[in-house]
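1. need a structure here:
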Amino acid sequence: EILWDKRTNYDVGKVFYTELLPPVFLKECAFAVRSAGNELQFIEDDSYILLEMVAETFGEMLYSLSLHSRVGFRKQAFRAFVAMCECSGSLIRRNCAYNFPGVALVLEDKYAAELSALVETLS
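-> Numbering: from 1, shown residues only. Alright, predicted model coming up:
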């Protein structure tokens, strides 16, 4: 009976979004800033593929994280998103444009002016 109570009170989704996802997301943000700032001809193939995947899922991860955590990730997320938007890889910029609505929904309070300037970059 005690074991059953512990299992039913344990919310796996909450643990994932509050404890497991934030450090991984911040590492991916740091990676995106580092990699997107380099010239693409000097980036290894594996790093470019990883940067593509980060750009593809960025908005979904950011929005999911914002539902469960209120502080500590928006500045890093904005820096990473700007770096990916200004990257010379067309697929990365396309993925950023695709994720723009989710990013804007999360970051609009603090970075509205900067986000409106990014629309020109992506168009």
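2. and stretch 70-79, which residues are buried?
-> Residues of stretch 70-79 classed as buried: 73-74, 76-78 (neighbour count, 16 or more other C-beta atoms under 10 Å). (Each C-beta comes from the backbone N, C-alpha and C, glycine too.)
3. please spell out which residues along the longest helix along the chain are buried.
-> Looking across the chain with DSSP state H, the single longest helix is helix 90-122. Buried residues in helix 90-122, counted by 16+ other C-beta under 10 Å: 92-93, 95-97, 99-100, 102-104, 106-107, 111, 115, 118.
4. and which of the residues you listed is nearest Pro23?
-> Comparing these against Pro23 with C-beta to C-beta places Val106 closest, at 18.1 Å.
5. buried residues, stretch 17-26. List them.
-> 17, 21, 25-26.
6. let me see the mean pLDDT of that stretch.
-> Computed over stretch 17-26, the mean pLDDT rounds to 88.
7. Val119 and Phe100 touch, don't they?
-> Yes. Val119 lies in contact with Phe100 (C-beta atoms under 8 Å); the separation is 7.5 Å.
8. ok, back up a step: so which elements touch the longest helix of the chain?
-> With contacts taken as 3 or more C-beta pairs under 8 Å, 6 or more residues apart in numbering; DSSP states H and E, helix 90-122 sits against helix 45-68, helix 74-85.
9. having no further points to raise, I will conclude here.
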